[in-house]
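> Sharing a model prediction with you, sequence too.
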Amino acid sequence: MTSQQGCAALTVPQRFLQVDAFRALALFGLFIVHCVELFELHWADPKPSFWFDTTFLVFGGKAFAMFALSFGLSFSIIMNRAALRNEPGEGRFLWRCLILMLIGVLHTAIYRGDILMKLGLLGLLLVPFNRIKSNAVLFGFALLFLINVPLIVRILLNYAGVNNGFQLFVDANTVSMQAYMTGGLYDFFVSNLGAGSVTAWLYMFESGRLSQIMGLFLLGLILGRLNVFTDLARYQVCRWVTVLISGGLGLTLYQYQTELSAWFPASAAIGANFYVSSLVGGWANLFIMFFQTAIFFELWFLVKGNVLTWVAPLGQMSLTLYVGQSIVFVPLLYNVGLGLFDNVTAGQMFWVGILCFILQGIFAAAWLQRFNYGPLEWLWRALTQRSCDIPFRRKIS
């Protein structure tokens, strides 16, 4: 099906609650991962933990992938709606991405693990890729990104004794962690916008996640064109096949990750073994994420959304809640606030995260009964349209 056919299928602009609910699942996954890793302070002195290991098995490397997939899907929906209204969608989307990057910069000042800036920057590339009308060709590009060709090249270069950039990530992380655990407010902000930000970008590059995000953007765009997540009845067999294949491959790669990584002999090149582990682990995470995504939408289809619609408000307010999580938890855990990072365990933070996410769900549902958008969602939309004439308060009849 071409993109034009996908546009025709969308006859009336509407909210797809299943997409909002899926975004809520991604938000939960990111949040619970951030909780058990103490909003990244876990990595200063990693300690083994059942709750940490289990959370990372289920959501580590998968939640951010869900966000990337839903971002590409949302782009497809935005472009379809713009086409239906005979509006130029590309320029507005580019502006929308630049605003998201700005929000990401401000969020990075609070929490170096921000993903918004990365999504906004890579989102700019969706516009030229969207001009490729053949879904087959677009899928070929997505596959190259998802296989992670850039990471494979770095592995080969490292085993050849060159491109040892991994040490930059190690050094920047050491500097930033020290500032977070012992520094004051000045050190905190300087690190977040300096060494901490460098660390975050280097990790995304070194681990191959930037390539994965781009591949998932394109995959989400294709799935949006084909209405895979909005015409659930039509694609039920495809979901079953995805569950069987991706579940089997994901669990196999995860189970034998160490053995597969051992096919590459230990290298003296800095970072080579990290790259190999990231490559195999990244493939495992992708397949497990595909399995989780297919299961989620199959459940939505089977229960007709009746049980899962309660989480949709979380997805509709995902930007506000994502930033809000950092505003609340960073001052609690970091030295600039209460400095509780050394007084709580991953298990305790897991249950705190569960409780807080339930409270966020209650808050989001109550908020959207009175307002059309979350605060940051409204601001993002107003800045995108360069107008404050966006109805914020819901009309209650």
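Cool, got the structure.

> Where does the closest residue to L185 other than its chain neighbours sit: helix, strand or coil?
Counting by C-beta to C-beta, 6 or more residues apart in numbering, the nearest residue to L185 once its immediate chain neighbours are dropped is V336, at 5.1 Å. Bear in mind the C-beta positions are built from the backbone N, C-alpha and C, glycine included. Applying DSSP: H, G, I helix; E, B strand; the rest coil to V336 yields a three-state assignment of coil.

> so where's the stretch 51-200 of the chain shaky on pLDDT?
159-168, 171 (pLDDT under 70).

> Where do the helices of it begin and end?
With DSSP state H, counting those that start in this stretch, the ranges of helices along the stretch 51-200 of the chain come out as 63-84, 89-108, 116-123, 126-130, 135-147, 149-159, 166-182, 185-193, 195-206.

> if we can go back for a sec, Provide the backbone phi and psi angles at the residue nearest to L185.
With angles defined as degrees, to the nearest 10, V336 sits at phi -70, psi -10.

> still on that earlier bit, output the helices of the stretch 51-200 of the chain in a markdown table; the columns should cover distance to A26 and mean neighbour count.
Formatted as a markdown table, those follow (distance: least, C-beta to C-beta, whole Å; neighbours: other C-beta atoms under 10 Å):
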| stretch | distance to A26 | mean neighbour count |
| --- | --- | --- |
| helix 63-84 | 4 | 23 |
| helix 89-108 | 16 | 17 |
| helix 116-123 | 11 | 20 |
| helix 126-130 | 18 | 17 |
| helix 135-147 | 17 | 16 |
| helix 149-159 | 23 | 18 |
| helix 166-182 | 25 | 18 |
| helix 185-193 | 23 | 17 |
| helix 195-206 | 17 | 20 |
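
> Using neighbour counts, pick out the buried residues of stretch 378-395.
Using 16 or more other C-beta atoms under 10 Å as the test for burial, stretch 378-395 gives 378-384.

> Using JSON lines, lay out those residues together with pLDDT and distance to L30.
Listed next are the buried residues of stretch 378-395 as JSON lines, based on pLDDT from 0 to 100; distance: C-beta to C-beta, whole Å:
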{"residue": "W378", "pLDDT": "95", "distance to L30": "22"}
{"residue": "L379", "pLDDT": "95", "distance to L30": "21"}
{"residue": "W380", "pLDDT": "95", "distance to L30": "18"}
{"residue": "R381", "pLDDT": "92", "distance to L30": "22"}
{"residue": "A382", "pLDDT": "93", "distance to L30": "25"}
{"residue": "L383", "pLDDT": "94", "distance to L30": "24"}
{"residue": "T384", "pLDDT": "90", "distance to L30": "23"}
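
> which of those lies closest to D187?
Comparing the buried residues of stretch 378-395 against D187 with C-beta to C-beta places L379 closest, at 29.4 Å.

> so the closest one sits in a helix?
Yes - under three-state DSSP, L379 sits within a helix.

> gap between it and G194?
The span separating L379 from G194 equals 27 Å under the rule C-beta to C-beta, to the nearest Å.

> Likewise for V330?
On the measure of C-beta to C-beta, V330 and G194 end up 17 Å apart.

> Tell me which of these two has more neighbours.
Neighbour totals were compared for V330 and G194, and V330 leads with 22 against 16 (other C-beta atoms under 10 Å).

> Model confidence for the residue nearest to L185, exactly?
pLDDT for V336: 91.

> isn't it right next to V190, touching?
No - applying C-beta atoms under 8 Å, one finds V336 not in contact with V190, separated by 11.6 Å.

> In three-state terms, how would V228 be classified?
V228 ends up coil, using three-state DSSP.

> what's the neighbour count on the residue nearest to L185?
Residues near V336, counting by other C-beta under 10 Å: 18.

> show me the contacts for it.
183-185, 188, 330 (C-beta atoms under 8 Å, 6 or more residues apart in numbering).

> again with T345
Taking C-beta under 8 Å, 6+ apart as the test, what T345 contacts is 49, 51.

> how far away is it from T54?
For T345 relative to T54 (C-beta to C-beta), the value is 14 Å.

> residues shared between the contacts of those two?
Contacts common to T345 and T54, judged by C-beta under 8 Å, 6+ apart, are absent.
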